[in-house]
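Novice: Need coordinates for the below:
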Amino acid sequence: MPVHRHDRFYQIHWLEYGDVTLQLGDSQHQGVGPLFFFTPPAVPHSFVLDDDATGTVVTVSRDLLGRMTSGGADAVLEQKFSAPVFCELRAVAGHHAAEAERLQTLMRLLNDEFFADLPGRKHSLPALVNLALVSIFRLADLPERNEPLRLVELKIFDGFNALIDKNYTLNLSMPDYARGLNVTTNRLADICRRLSGRSPKSLVYERQIKEAKWQLIYTTSAINTISDALGFKDPAYFCRFFTKHSGLSPREFRKQKLMGTLDKNV
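Specialist: Numbers count the residues shown, from 1 in each chain. Here you go, the predicted model:
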């Protein structure tokens with residue numbers, strides 16, 4: 001897997017069997033399963049697995065993890081999940097060994113539940129993911145396994161994405177966002193470009209386009225109504241904006257999606 005990063009998602013890479021050579025942020029690792037590595041948003045990572053490697057990748061939305069730390073309920077948890085973690089479970093000893101066993105059980109259950117597709121899956125999967133994240137949090141408490149990567153900058157970047165999610169319909173200026181994070185606009189721009197390769201404004205646009213597509217696919221709202229809901233005062237401008245960033249007008253996008261001619265992941 002070549003070097004890449006995820007701006008809005010956390011990932012748990014669980015390797016039950018096999019070897020991995022890993023670049024995780026600024027650190028290099030080699031390990032043999034069972035092991036896991038945890039990547040917060042914007043942390044670059046790449047890895048090479050041997051041919052016999054077996055495991056699971058769990059992609060976790062910011063919303064799900066945010067609910068675990070909302071309202072400052074667990075500041076320690078929030079801080080810990082700002083850093084990447086690499087942990088070989090066979091190297092875990094003492095009172096942490098029981099947690100390592102628990103995580104192995106949870107990851108097997110999560111894998112089984114996902115592929116079994118049984119009734120109640122929409123409730124069981126988030127519950128198992130939450131339990132796995134708690135185990136990872138506990139195992140990340142091992143000092144030698146916790147390797148911060150520009151924690152302050154990652155926290156600012158994560159905070160910016162959280163502000164976008166709350167305010168993307170309000171047409172806030174970049175100085176407004178920067179003030180909300182207690183940083184300068186130049187620093188915000190520098191962090192966004194280094195951690196995502198994009199400008200702050202383009203990240204806001206991406207969130208607006210994502211919501212516009214959702215509204216066009218899953219609601220019957222008129223395009224003017226969608227434009228108003230996203231904070232655009234001029235529907236014509238919204239149509240030009242959408243066309244520029246998606247390659248189709250809102251009307252064409254909705255028509256092609258309903259006809260099944262667009263990629264289902266758009």
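Novice: switch to C-alpha atoms for all contacts and neighbour counts from now on
Specialist: Will do.
Novice: All the strands of the protein, in order from the start?
Specialist: Under the criterion DSSP state E, the chain contains strands at 9-17, 19-24, 27-32, 35-39, 45-49, 54-61, 85-88.
Novice: so which of these gets nearest Q215?
Specialist: With Cα to Cα as the criterion, Q215 lies closest to strand 54-61 of the strands of the chain, at 19.6 Å.
Novice: That closest one - contacts with which helices or strands?
Specialist: strand 9-17 (3 or more Cα pairs under 8 Å, 6 or more residues apart in numbering; DSSP states H and E).
Novice: mind listing the helices for this protein?
Specialist: Using DSSP state H, the helices assigned to the chain run over residues 62-69, 75-80, 97-116, 121-139, 151-167, 174-181, 185-196, 200-218, 223-229, 235-246, 250-258.
Novice: In contact with N130: list those residues for me.
Specialist: Listed by Cα atoms under 8 Å, 6 or more residues apart in numbering, the contact set of N130 reads L65.
Novice: And this protein, what are its domain boundaries?
Specialist: The chain breaks down into these domains under automatic domain parsing: 9-145, 151-258.
Novice: How about residues contacting stretch 214-227?
Specialist: Under Cα under 8 Å, 6+ apart, the answer for stretch 214-227 is A212, K233, D234, P235, F238, P250, R251, F253, R254, K257, L258.
Novice: Could you dump the domains of the chain into JSON lines and include mean pLDDT?
Specialist: Putting the domains of the chain into JSON lines (pLDDT from 0 to 100) gives the following:
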{"stretch": "domain 9-145", "mean pLDDT": "81"}
{"stretch": "domain 151-258", "mean pLDDT": "89"}
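Novice: and of these, who's closest to M1?
Specialist: In terms of Cα to Cα, the element of the domains of the chain nearest to M1 is domain 9-145, at 5.4 Å.
Novice: Separate out the buried members of the contacts of stretch 214-227.
Specialist: A212, P235, F238, P250, F253, R254, K257 (16 or more other Cα atoms under 10 Å).
Novice: circling back: nearest approach to C192 belongs to which of the strands of the chain?
Specialist: strand 9-17 (15.2 Å).
Novice: what's around the residue nearest to S124 when sequence neighbours are not counted, how many residues?
Specialist: Closest residue to S124 apart from its sequence neighbours, by Cα to Cα, 6 or more residues apart in numbering: E113 at 7.7 Å. The number of residues packed near E113 is 16, by other Cα atoms under 10 Å.
Novice: now do the one 3 residues further on
Specialist: One way to gauge burial is a neighbour count; for A116, by other Cα under 10 Å, it gives 10.
Novice: cool, L131 as well?
Specialist: When counting by other Cα under 10 Å, one arrives at 16 neighbours for L131.
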